[in-house]
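Trainee: Sequence plus the predicted model coming up.
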Amino acid sequence: MRQDSSLPLRLVHAIVFAGFTAICFVSGWPEAQHLLHSQLQPFHAGPPPRPVLLLAVLASLVGMTAVLVQFLRGRSARVFWSLLILGGLALASWSNREGVVVAGRTADSANLKILRVARDLHGRSVSELQSHGSAPEDLVSWESALQQVTLGQTTPVRTRSFAPLHFRIQKIDSPDALPSNVPPGTLLLHVMEGGVAYELHPVGISPSGEPWLLRDPKGEDIVFRGAFNPDLPMGPESGAHPTP
């Protein structure tokens, strides 16, 4: 039969291990917060929570709960619960050896990468437009160009199941009627008949996780436009520069 320790000893034990639990909780709070947000929003940005750190927080909280229950009952907690808290502390320290992972978990950082991809695709396409006199009107050519720009990399945006979204192009019939149900990382493309001009509308992610058209600081939609200029010489030496 287990012999209970004195009240002062139990109090010191509870305070010390409460401190260990607090360290685990503070270390893992950004991961827990990110997990919560990822499930409450349609989309979210950045890498998924680190499972080892979440496990460390869970272990320490379970162990501390058992210690407090036994303390309130006037009994000593079993050694197992203290070891569980110490194990959680060790896991948290090991998982955080490279620092807290928060970079890339904001809508702004995700939108910046989406904007860069749209800009790079525009720069490539406007040069081709001036060189050949027209932009391709088929979606396959644009998808191939996008693949060359992204090199197969996905967007920083993920679904609730933490699956990353791919960059994609969706053709639209008119720039005056933009669809609102497309996922972040989509580049809405409108090509005029004959390929003499085109528009690219990049779709990003709002702070609340909703898809939205990217806008500049003035609140205007960001649109990358390309148009053939017959007054410039055709070919790489034309010196055409892409402008959004």
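Mentor: Thanks, I have it.
Trainee: quick one, what contacts residue 194?
Mentor: If you count contacts by C-beta atoms under 8 Å, 6 or more residues apart in numbering, residue 194 has them with 134, 137. The C-beta positions use only the backbone N, C-alpha and C, and glycine is treated the same way.
Trainee: Dihedrals phi and psi, it?
Mentor: Phi and psi for residue 194, reported as degrees, to the nearest 10, are phi 90, psi -10.
Trainee: What distance do you get for residue 14 to residue 184?
Mentor: 47 Å (C-beta to C-beta, to the nearest Å).
Trainee: which one of the two has more residues nearby?
Mentor: More crowded of residue 14 and residue 184, by other C-beta atoms under 10 Å: residue 184, with 28 against 17.
Trainee: Let me see the contact set for the more buried one.
Mentor: Contacts of residue 184 (C-beta under 8 Å, 6+ apart): 43, 110, 114, 155, 157, 165, 203, 204, 205, 211.
Trainee: pLDDT wise, what is it at?
Mentor: We note a pLDDT of 96 for residue 184 in this prediction.
Trainee: quick one, strands of this structure?
Mentor: 44-45, 157-158, 168-171, 186-191, 197-205, 211-213, 224-227 (DSSP state E).
Trainee: Against which helices or strands is the last one packed?
Mentor: In other words, strand 224-227. Contact partners of strand 224-227 among helices and strands, from 3 or more C-beta pairs under 8 Å, 6 or more residues apart in numbering; DSSP states H and E: helix 107-132, strand 197-205.
Trainee: and these as TSV, adding mean pLDDT?
Mentor: What follows is the helices and strands packed on strand 224-227, written out as TSV (pLDDT from 0 to 100):
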stretch	mean pLDDT
helix 107-132	92
strand 197-205	94
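Trainee: Next, count neighbours for residue 209.
Mentor: 18.
Trainee: My guess is it contacts residue 44. True?
Mentor: Yes: in this structure, residue 209 is within contact of residue 44 by C-beta atoms under 8 Å, at 5.6 Å.
Trainee: Give me the common contacts of those two.
Mentor: Common contacts of residue 209 and residue 44, defined by C-beta under 8 Å, 6+ apart, comprise residue 37.
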